[in-house]
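Trainee: Test case, fold it:
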Amino acid sequence: MAVDALDARILRLLLEQPRTSVREYARLLGVARGTLQARLDRLERDGVITGSGPFLSPAALGHPVLAFVHIEVTQGYLDEVGDALAEVPEIIEAFSITGAGDLLTRVVARDNGHLEDVVQRLIRLPGVVRTRTEMALRERVAYRVLPLVDAVGRVAAGDTPRHRS
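Mentor: Have a look, this model is predicted:
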């Protein structure tokens, strides 16, 4: 699904002002409320908008330790291990990957000892061959999509570096 310049402006407003009403978004964008609602519905239906806040901080919930755990899985067990990972509350994301390992998980913990307990739980899962853990020291770029939305909007509007004079 193509995102056009108006879609990009809508997405920017949603990211910058998430608690604003649809009526106010329409006013700020200079479009009819019905037009805006139809766009929002399409963006949700097409999977561009996948949810709405609140976004929670694991650190503020008492889990300030962040680690990335690579998991190597016995062939044929990827789905089973993936399902088992969903049962571990400290795993906040998990991805199938290429390269070294089969899965990459983002794990939070109360402290280093708790992290070790979580990793030991992962090692005991049927189908897990080995794990490799990398601890995050400091977040350098927080999860964001606004720069991407802006870039997509510029391309949709025809304002790309190639087209600039």
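Trainee: can you pull the buried residues of the one helix or strand Val155 maps to?
Mentor: Element membership for Val155 (DSSP states H and E) is helix 146-156. For helix 146-156, the neighbour count (16 or more other Cβ atoms under 10 Å) marks Val149, Val152, Gly153, Arg154, Val155, Ala156 as buried. C-beta here means a position set from N, CA and C on the backbone, and glycine is covered the same way.
Trainee: ok, now which ones touch the closest residue to Val73 other than its chain neighbours?
Mentor: Leaving aside its chain neighbours, Val73 sits nearest to Asp102 (4.3 Å; criterion: Cβ to Cβ, 6 or more residues apart in numbering). Neighbouring residues of Asp102 by Cβ atoms under 8 Å, 6 or more residues apart in numbering: Ile71, Glu72, Val73, Leu78, Val81, Ser96.
Trainee: what's the neighbour count on the first one?
Mentor: Other residues near Ile71 come to 26 when the count uses other Cβ atoms under 10 Å.
Trainee: Can you verify it is assigned to a helix?
Mentor: No: looking at Ile71 with DSSP: H, G, I helix; E, B strand; the rest coil, it is strand, so not inside a helix.
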